[in-house]
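Peer 1: Return a 3D structure for these sequence lines:
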Amino acid sequence: MFALVMIIYHSKREKLSREGVNYVLQKHFKKVKELNKTIFPSRISPHCIRHSKAMHLLENGVNLIYIRDILGHSSVTTTKIYSKVNPEIKRKHLLKAAQKLDIHDDYNEKEKKDLLEWLKSTI
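Peer 2: Below you'll find the predicted structure:
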């Protein structure tokens, strides 16, 4: 199984531990957050970056199988969780499926207006 792993080394040319990676991330996050507090979240973690990368890959159409391999998941079922949490991906799939439908507009303007008014009052 293939897993993409970013290995970070410290000054002694040894791999950083999980705590070391988190330390470096927090140190730099604190600096950039001071520059602009509004565009950054209140907290960040290495897992947050991992999750964001998976979401960006998914949003750009990368197959779940490849994302599974990059993340090192043993099953694509685990990776599918990412596709469920993103409404933009759901919207894209719905639009793609809707293009295959043969939709006929059988409503006149008054019926459309009445339907929209009903929806506005109901929702």
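Peer 1: Which parts of the helix or strand bottoming out on mean pLDDT in the chain count as buried, going by neighbours?
Peer 2: Lowest by mean pLDDT, DSSP states H and E among the helices and strands of the chain is helix 87-99, with a mean of 80. Residues of helix 87-99 classed as buried: Ile89 (neighbour count, 16 or more other C-beta atoms under 10 Å). C-beta coordinates here come from the backbone N, C-alpha and C atoms, glycine included.
Peer 1: try stretch 64-82
Peer 2: Here stretch 64-82 shows Leu64, Ile67, Arg68, Asp69, Ile70, Leu71, His73, Thr79, Tyr82 as buried, counting by 16+ other C-beta under 10 Å.
Peer 1: again with stretch 45-63
Peer 2: Neighbour-count burial for stretch 45-63 [16+ other C-beta under 10 Å]: Ala54, Met55, Leu57, Leu58.
Peer 1: just the angle between the host helix or strand of the third one and helix 87-99, please?
Peer 2: Under the criterion of DSSP states H and E, Leu57 resides in helix 46-59. Regarding helix 46-59 and helix 87-99, their directions subtend 20 degrees when assessed with axes from the mean of the first three to the mean of the last three C-alpha atoms, to 10 degrees.
Peer 1: tell me the average confidence for helix 46-59?
Peer 2: For helix 46-59, mean pLDDT is 88.
Peer 1: What lies in contact with that helix?
Peer 2: For helix 46-59, contacts defined as C-beta atoms under 8 Å, 6 or more residues apart in numbering pick out 18, 21-22, 25, 41, 64, 66-67, 70-71, 79, 82-83, 85-86, 88-89.
Peer 1: Grab the CA positions of the helix or strand where Glu117 lies and hand them over as PDB.
Peer 2: Per DSSP H and E, Glu117 falls inside helix 109-122. Provided in PDB are the C-alpha atoms of helix 109-122 (Å, rounded to 0.1, in the frame of the first residue of the first chain):
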ATOM      1  CA  GLU A 109     -46.000  31.600 -15.700                       C
ATOM      2  CA  LYS A 110     -48.900  31.900 -13.200                       C
ATOM      3  CA  GLU A 111     -48.400  28.300 -12.000                       C
ATOM      4  CA  LYS A 112     -44.700  28.900 -11.500                       C
ATOM      5  CA  LYS A 113     -45.400  32.100  -9.600                       C
ATOM      6  CA  ASP A 114     -48.000  30.300  -7.400                       C
ATOM      7  CA  LEU A 115     -45.600  27.500  -6.700                       C
ATOM      8  CA  LEU A 116     -42.800  29.900  -5.700                       C
ATOM      9  CA  GLU A 117     -45.100  31.800  -3.400                       C
ATOM     10  CA  TRP A 118     -46.200  28.500  -1.800                       C
ATOM     11  CA  LEU A 119     -42.600  27.400  -1.300                       C
ATOM     12  CA  LYS A 120     -41.600  30.800   0.200                       C
ATOM     13  CA  SER A 121     -44.500  30.600   2.700                       C
ATOM     14  CA  THR A 122     -43.900  26.900   3.500                       C
END
